[in-house]
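K.L.:
Okay, here's the prediction I keep looking at, along with the sequence it came from:
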Amino acid sequence: QLQLAESGGGLVQPGGSLRLSCAASGLTAGTFSQYAVAWFRQAPGKEREGVAYISGGGAHIDIGNAVNGRFTISRDNARNTATLEMNSLKSEDTAVYYCAAAVLAWGLTESDYDYWGQGTRVSVSL
C-alpha cells in the first residue's frame with residue numbers, strides 16, 4: 001500500500017523560504033507516475049485547504065489562490081518524490097502541511113485523495 005512521508009518543515013522568518021518533500025513508498029517500481037499528488041495545509045483553528053496539485057506525469061499543475069506566485073510544486077517520478085517550494089513566506093502560511101496522493105484526482109478537492117502523509121509543521125514567525 002502506498003505510504004507518504006513529508007519532511008522539510010520548520011521555523012522560518014517572514015519572507016523566507018522552505019522546501020517540503022514528500023516521499024512515497026510501498027508501491028511497485030515505476031508506478032508513482034500513476035498517482036496525482038497534492039499538498040494541503042491546516043492552520044490552527046481552520047479547515048484544511050488545498051495548496052498545490054500536480055498530475056501523475058507532471059504536465060498539469062494547479063496552485064491555490066492564497067499561495068499563487070509564491071509556491072511551486074514539482075515531482076521526480078524516478079525517485080518517488082514530490083516537492084513543494086515555498087518562497088516569500090508569510091505568517092499566515094503557518095500550518096501543518098500534508099502530502100496526499102490518488103490515482104483519480106485532478107485538482108485540490110480533498111475528498112479525491114486516498115493516501116495521506118502524517119504532515120510536517122511549518123511555522124513562519126520572527
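P.N.:
Right, received. Where do you want to start?

K.L.:
what's the nearest residue to the residue nearest to the spatial centre of the chain if we skip its chain neighbours?
P.N.:
Per C-alpha atoms, centre = their mean, the C-alpha nearest to the average position across the chain is that of Trp39, at 2.5 Å. Closest residue in space to Trp39, ignoring its immediate chain neighbours: Val51 at 4.3 Å, by C-beta to C-beta, 6 or more residues apart in numbering. Heads up, the C-betas are built off the backbone N, CA and C, glycines and all.

K.L.:
Report the secondary structure state of that neighbour.
P.N.:
Following DSSP: H, G, I helix; E, B strand; the rest coil, we place Val51 in the strand state.

K.L.:
Could you report the neighbour count for it?
P.N.:
25 (other C-beta atoms under 10 Å).

K.L.:
Quick check: it vs Ala105, distance?
P.N.:
Separation of Val51 from Ala105 (C-beta to C-beta, to the nearest Å): 14 Å.

K.L.:
joint contacts of the two?
P.N.:
Common contacts of Val51 and Ala105, defined by C-beta atoms under 8 Å, 6 or more residues apart in numbering, comprise Ala38.
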